[in-house]
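J.: Let's see this in three dimensions:
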Amino acid sequence: MLLKRGRGVVGATLLCLTMGACTEASPPKDSKEAVNAKTSEALTGAHQVLAADKDSVPTFVNGPFGAAPTTEAALRGLQPATLAPVLARVAPLFKVKPEQLFLKKAYVGFDGDAHFRYGVRINGVEVMGAELRLHARDGQVFAANGDARGDLPALEGTTVSSELAVEQALKDKASPADATLVGKPELVYWRDGGQLLLAYSLRMKGESQKGEPVDDTVLVNARSGDVFERFTHIHNALNRRVYDGNQGPGLPGTMSRMEGDPPVLDPVVNAAYDNTGAVWRCYKELFNRDSYDNAGAALITTVHHRVNYVNAFWDGTQMVFGDGDGTTASILPYAIDITAHELTHAVTEYESNLIYSGESGGLNEAISDIFGAVCEWHSEGKVINEGTFMMGEDVWTPHIPGDALRYLYNPRLDGSSLDDYADYSSGVDVHYSSGIANLAFYLLSQGGTHPRFPTRPAVTGIGIEKAARIVYKANADLLTASSSFEAAKVATEQAAIQLGYDAATVASVTAAWKAVQVGVVILPPDAPPLERNAPVVTSGTRGAKKYFRGEVPEGATNLRFALSGGTGDADLYVRFGTPPTTSLYDCRPYTSGNNEACAFATPTPGTWWVMLNGFTDYANASLVITFQGGFFPLEPNVPVGGLSGATNGTSGFFVQIPEAPEGGYRNVTVKVEGGTGNADLYVRRGAFPTHSDYDCRGMKETNVERCDLKYVEGGKYYVWLYGAKGGYQNASLVVTYR
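T.: Residues are numbered from 1 along each chain as shown. Predicted structure coming up:
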């Protein structure tokens with residue numbers, strides 16, 4: 001979908017293909033030999049986790065996972081039970097049960113590897129966007145990737161009828177007035193953070209007020225009735241058929257030129273015919289792909305659609321081009337990169353099927369832009385020129401010399417596109433977020449530094465053809481429908497490895513993504529610490545983000561972040577380890593007003609990040625972090641005083657005792673004294689002590705307790721004070737060793 005542009009230009013949207021293709025293509029001449037040389041090494045030893053989600057569940061693994069058919073003939077007769085032993089080994093790694101998986105597709109890719117794509121069903125309902133992929137070579141599965149979590153909370157049973165879901169979708173403000181339901185509502189699960197939402201999936205078609213075709217999937221929460229997600233199937237096709245739309249809305253129009261016909265008098269018809277053929281040859285010669293479905297589907301095009309129509313789109317069966325208005329754009333079929341952009345959307349839907357929303361939608365758009373550039377380069381004799389990495393420069397704003405719709409080499413030149421992942425948020429239009437991956441591809445292809453941040457490490461270019469093969473393989477074999485930018489980084493790195501490229505090439509792939517801050521932990525410049533039980537009062541404006549951080553010790557339980565009070569509406573986002581974004585978080589209540597909370601019963605110790613995002617202006621909201629228990633650092637020989645605890649209350653500490661010289665042993669002493677009351681003492685090396693598991697304990701009916709551990713090794717010792725009857729007040733603790 002060619003998107004809306006800034007810089008004072010009327011927002012026109014060139015839409016993209018919704019149908020994609022399959023696999024095969026000519027591999028690099030040296031790739032198969034290089035890959036085969038590594039096969040035996042790759043298929044020995046334990047599996048290797050290359051990427052994981054926030055819960056440390058793998059999303060990409062390599063390893064020897066078992067036998068699988070790898071020839072086209074064998075795949076034609078594939079039985080579900082054939083790969084059962086492999087799934088028994090792989091599925092648990094991804095926290096999914098083998099019986100929750102179903103085979104969607106098996107094929108031999110353009111590089112000769114075999115690939116098996118599995119969908120996921122929970123409680124008999126398909127999880128939209130979830131997928132597990134197996135990759136095999138020479139009769140063995142050597143890698144697996146995906147986001148197939150089958151262990152997430154998933155409520156069963158609807159409380160909203162399908163009829164009411166349809167009513168809600170029709171009433172949604174984004175639905176056109178003439179919207180109609182296509183087919184029947186289907187129940188699906190949709191992943192929202194750490195849970196699966198049960199939803200009705202509805203296909204809605206109609207026409208916008210501007211006369212644009214609308215073909216959306218709308219998701220309606222099956223328990224609340226809320227419309228919470230919407231994404232389009234209109235993506236803004238050598239069997240060519242070119243029709244004349246005669247300036248009207250009807251499709252396809254009057255037949256003007258078919259495959260093999262000589263040129264006609266209409267130059268626009270001839271341009272559409274020629275450019276469609278050029279894109280077909282680009283895919284055929286580079287990747288041995290026959291049309292968008294890799295099976296020779298007819299490429300149907302209508303030109304002269306409507307009057308002064310500044311748009312182009314794929315409607316699921318054909319491409320449609322307007323003639324432009326002469327100001328925003330001239331005749332659109334004259335641009336080969338626009339033709340390639342639209343056709344690539346079809347390829348993507350046949351392959352990764354990237355959902356046209358959020359980060360996956362930005363990747364979908366970027367891949368179309370990338371192959372717009374690749375096929376323009378291919379059609380011009382494989383020569384890089386000043387227009388190669390400019391989208392639609394031949395037709396966009398013809399009165400402005402050198403102007404283009406988008407610029408892969410410097411995305412911000414269009415006035416709207418992003419060029420850095422640090423600037424991404426979930427509300428960014430997919431056309432604008434595409435700039436992140438567009439710039440990464442340009443740097444991978446041509447080399448250089450980020451145009452806005454030249455002090456970041458430079459990327460060594462590998463050439464446009466090698467870069468295109470890597471992205472093509474990632475799209476065809478490795479990306480899944482819900483892939484994020486981080487997932488694309490891993491997929492392209494693995495694509496380079498699987499294609500047999502050397503370590504320097506893989507390093508360039510990594511460097512290109514890091515140049516746009518994908519795969520880089522981005523810490524907010526100002527994130528004040530949150531102290532336990534100490535509320536912080538804060539205010540902010542609509543759309544502004546404020547960050548905080550809290551340190552959670554080992555052994556803490558019932559961690560809770562609570563926002564309350566004040567006026568307006570701030571949204572709370574919480575994430576462990578790295579700052580949350582509006583699309584990446586561990587918890588986001590997303591309720592009206594400032595009363596929101598995130599709770600974690602057994603939190604991971606370390607730094608937890610909080611982001612407050614102003615849904616509206618807000619003032620005097622109170623943010624606090626609370627948790628129970630925990631073990632805090634203690635220095636040997638340094639007393640800690642003022643310790644108090646109620647009955648059943650606890651205080652925890654840990655101390656690092658150095659190893660004795662020459663393999664000797666230590667004598668460690670832990671003493672509690674002073675104050676009043678009754679504190680019981682528990683000590684354990686290497687693990688948290690409990691009432692029943694300890695290395696030493698003191699249980700006198702006073703605050704005077706002592707543990708002597710003789711002839712012990714160095715290491716980490718945990719100390720636990722427990723408030724016996726009446727608790728304890730103002731006690732002192734010290735750990736010594738010799």
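
J.: drop to CA atoms for contacts and neighbour counts, all remaining ones
T.: OK.

J.: mind listing the helices for the stretch 51-200 of the chain?
T.: Taking DSSP state H, counting those that start in this stretch as the criterion, the stretch 51-200 of the chain contains helices spanning 72-76, 84-90, 162-171.

J.: Touching the second one from outside, list them.
T.: Judged by CA atoms under 8 Å, 6 or more residues apart in numbering, the contacts made with helix 84-90 from elsewhere in the structure are 65-67, 98, 141, 144.

J.: for the stretch 451-600 of the chain, what spans make up the strands?
T.: 529-530, 536-540, 545-552, 554-564, 567-576, 596-600 (DSSP state E, counting those that start in this stretch).

J.: Of all those strands, which one comes closest to residue 490?
T.: Comparing these by their distance to residue 490 (CA to CA), the top pick is strand 567-576, with 21.0 Å.

J.: Just confirm residue 636 is within a strand.
T.: No: for residue 636, which was evaluated using DSSP: H, G, I helix; E, B strand; the rest coil, the result is coil, with no strand membership.

J.: what sits against it?
T.: The neighbours of residue 636, taking CA under 8 Å, 6+ apart as the test, are 655-657, 734-737.

J.: any chance of the residues you listed in TSV, plus distance to residue 393, neighbour count and pLDDT?
T.: TSV is the format used below for those (distance: CA to CA, whole Å; neighbours: other CA atoms under 10 Å; pLDDT from 0 to 100):
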residue	distance to residue 393	neighbour count	pLDDT
655	65	19	97
656	64	16	95
657	67	20	95
734	73	18	97
735	72	23	97
736	74	17	96
737	74	16	96
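
J.: Looking at those, which is nearest residue 443?
T.: Minimum distance to residue 443 across the contacts of residue 636 is 46.8 Å, recorded for residue 656 (CA to CA).

J.: Inside strands: which ones of the contacts of helix 84-90?
T.: In strands, defined here by DSSP state E, the members of those are 141, 144.

J.: what's the closest of the contacts of helix 84-90 to residue 442?
T.: Minimum separation from residue 442 among those (CA to CA) is found for residue 144, which lies at 28.1 Å.

J.: now that closest one: how far from residue 410?
T.: If you measure residue 144 against residue 410 using CA to CA, to the nearest Å, the figure is 35 Å.

J.: same thing with residue 354?
T.: Applying CA to CA, one obtains 24 Å for the distance of residue 354 from residue 410.

J.: ditto for residue 418
T.: Here the distance between residue 418 and residue 410 works out to 9 Å (CA to CA).

J.: who's in contact with residue 617?
T.: Here residue 617 is in contact with 539-542, 568-570 (criterion: CA under 8 Å, 6+ apart).

J.: quick one: which of these has the most company?
T.: When neighbours are counted as other CA atoms under 10 Å, the busiest of the contacts of residue 617 turns out to be residue 570, with 33 neighbours.

J.: just to revisit the earlier point, now pLDDT and distance to residue 172 too, for the contacts of residue 617, in JSON lines please.
T.: Output for the contacts of residue 617, formatted as JSON lines (pLDDT from 0 to 100; distance: CA to CA, whole Å):
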{"residue": "539", "pLDDT": "96", "distance to residue 172": "32"}
{"residue": "540", "pLDDT": "94", "distance to residue 172": "30"}
{"residue": "541", "pLDDT": "93", "distance to residue 172": "27"}
{"residue": "542", "pLDDT": "88", "distance to residue 172": "24"}
{"residue": "568", "pLDDT": "95", "distance to residue 172": "25"}
{"residue": "569", "pLDDT": "94", "distance to residue 172": "23"}
{"residue": "570", "pLDDT": "95", "distance to residue 172": "24"}
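
J.: since we're on the residue lying closest to residue 176 once chain neighbours are set aside, how many residues are nearby?
T.: Once flanking residues are discounted, residue 176 sits nearest to residue 208: 5.4 Å by CA to CA, 6 or more residues apart in numbering. Taking other CA under 10 Å as the neighbour definition, residue 208 ends up with a count of 15.

J.: Provide the backbone phi and psi angles at residue 208.
T.: phi -70, psi 170 (degrees, to the nearest 10).

J.: Tell me which residues touch it, please.
T.: Residues in contact with residue 208 (CA under 8 Å, 6+ apart) are 176-177, 214.

J.: Got a quick PyMOL command for the buried subset of those residues?
T.: One line in PyMOL is enough to select the buried members of those, burial here meaning 16 or more other CA atoms under 10 Å:
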select buried, resi 176+214
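
J.: In this structure residue 182 contacts residue 201, no?
T.: No: the pair residue 182 and residue 201 fails to qualify as a contact (CA atoms under 8 Å) at a distance of 10.9 Å.

J.: Comparing the two, which residue is more hemmed in?
T.: Neighbours per residue, other CA under 10 Å: of residue 182 and residue 201, the larger number sits with residue 201, 26 against 12.

J.: Let me know the helix or strand that that one is in.
T.: In this assignment (DSSP states H and E), residue 201 forms part of strand 195-207.

J.: Ramachandran angles for the spatially most central residue of the chain?
T.: Most central in the chain under CA atoms, centre = their mean is residue 484, positioned 1.8 Å from the mean C-alpha point. The phi and psi torsions at residue 484 (degrees, to the nearest 10) take the values phi -100, psi 180.

J.: May I ask you to confirm that it is in contact with residue 356?
T.: No: contact status for residue 484 versus residue 356: not in contact, 11.7 Å apart, counting by CA under 8 Å.

J.: Pretty sure residue 720 sits in a strand.
T.: Yes: under three-state DSSP, residue 720 sits within a strand.

J.: so how many other residues sit close to it?
T.: By the criterion of other CA under 10 Å, residue 720 has 24 neighbours.

J.: Which residues are in contact with it?
T.: By CA under 8 Å, 6+ apart, the contact list for residue 720 reads 631, 650-653, 681-683, 689.

J.: same check, this time on residue 263
T.: 257, 270.

J.: That one sits in which helix or strand?
T.: Counting by DSSP H and E, residue 263 is part of no helix or strand.

J.: give me phi/psi at it?
T.: Phi and psi for residue 263, reported as degrees, to the nearest 10, are phi -60, psi 150.

J.: Can you tell me how far it is from residue 339?
T.: Distance from residue 263 to residue 339, counting by CA to CA: 19 Å.

J.: for residue 234, same thing?
T.: As judged by CA to CA, residue 234 and residue 339 stand 15 Å apart.

J.: Looking at those two, which is more packed in?
T.: Taking neighbours as other CA under 10 Å, residue 234 and residue 339 compare with residue 339 leading, 34 against 25.

J.: what about the strands in the stretch 1-150 of the chain?
T.: Per DSSP E, counting those that start in this stretch, the stretch 1-150 of the chain has strands spanning 48-52, 58-62, 101-108, 114-122, 125-137, 140-147. These are given in chain order.

J.: Quick one: closest of those strands to residue 673.
T.: Comparing these under CA to CA, the one sitting nearest is strand 48-52, at 46.9 Å.

J.: So what's the residue count around residue 387?
T.: Neighbours around residue 387, by other CA under 10 Å: 17.

J.: Okay, and the closest residue in space to it that isn't next to it in sequence sits in which element?
T.: By the measure of CA to CA, 6+ apart, the closest residue to residue 387 outside its immediate chain neighbours is residue 393, 6.7 Å from it. Secondary structure from DSSP H and E places residue 393 outside every helix and strand.

J.: Residue 393 contacts residue 404, correct?
T.: Yes: counting by CA under 8 Å, residue 404 is a contact partner of residue 393 at 4.2 Å.

J.: What ranges in the protein fall below the confidence cut-off?
T.: 1-46, 210, 235-239 (pLDDT under 70).

J.: and the residue nearest to residue 535 when sequence neighbours are not counted, bridged to which residues?
T.: When the adjacent residues along the chain are set aside, residue 535 lies closest to residue 624, with 4.4 Å between them (CA to CA, 6+ apart). Assessed by DSSP bridges, residue 624 has beta-bridge partners residue 562.
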